[in-house]
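[1] A predicted structure for the sequence below; I have some questions about it.
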Amino acid sequence: QVQLQESGPGLVKPSQTLSLTCTVSGDSITINPYYWTWVRQSPGKGLEWIGYISWSDVTTYSPSLKSRASISRVTSSNQIILRLTSVTPEDTGVYYCARAVSVGVRDYWGQGTQVTVSS
C-alpha cells in the first residue's frame, strides 16, 4: 500500500524559506508514470496546486508560485522536498503531498501538515 507522510516545521517567520518533506513508502518515486505533487489549502480557500516532480525528475510549477517554489527529490530515501522562499502570512495553510497517475489525477494523499507563517 502506498503511503505518503508530510513533515516540516509548523511555524515559519515571514521572509524565511519553508522546507517540507514528503516520505513515500510502498512505491518508488522513480517509477513511471507517476507525478509527485504538492498541493495546499489556505484558510477559506480551495485546494491550490503548487507543482510536481515526475518519475523522470521533471518539475512543473504553478505560474503564481513558480518564482518561489522548488521541488526536488532524494531517491535514496524516497522523499520529495518542497521549498518555498520568501513566505508571507498568505502562505499559511495545510500542505499535502500526493501521487498523481496523470496530471491532475491524484490517487494517494498524505494526511497533510499545517504550516503557519507568523512573526
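    Looks like it arrived, so ask away.
[2] Quick check: end-to-end length of stretch 54-71?
    10 Å (C-alpha to C-alpha, to the nearest Å).
[3] so what's Gln1 scoring on pLDDT?
    Gln1 carries a pLDDT value of 91.
[4] quick one: it from Trp38, how far?
    Gln1 sits at a distance of 21 Å from Trp38 (criterion: C-beta to C-beta, to the nearest Å). C-beta: built from backbone N, CA, C; applies to glycine.
[5] same thing with Arg83?
    Counting by C-beta to C-beta, the gap from Arg83 to Trp38 is 10 Å.
[6] Contacts for the lowest-mean-pLDDT helix or strand in the chain, please.
    Using mean pLDDT, DSSP states H and E, the weakest-scoring helix or strand in the chain turns out to be strand 105-109, at a mean of 93. Contacts of strand 105-109 with the rest of the structure, by C-beta atoms under 8 Å, 6 or more residues apart in numbering, involve 2-4, 37, 39, 96-101.
[7] how far out from the middle of the chain is that strand?
    How far strand 105-109 lies from its chain's middle: 13 Å, per C-alpha atoms, centre = their mean, to the nearest Å.
[8] With stretch 6-20 instead?
    Between the centre of stretch 6-20 and the centre of its chain there are 12 Å (C-alpha atoms, centre = their mean).
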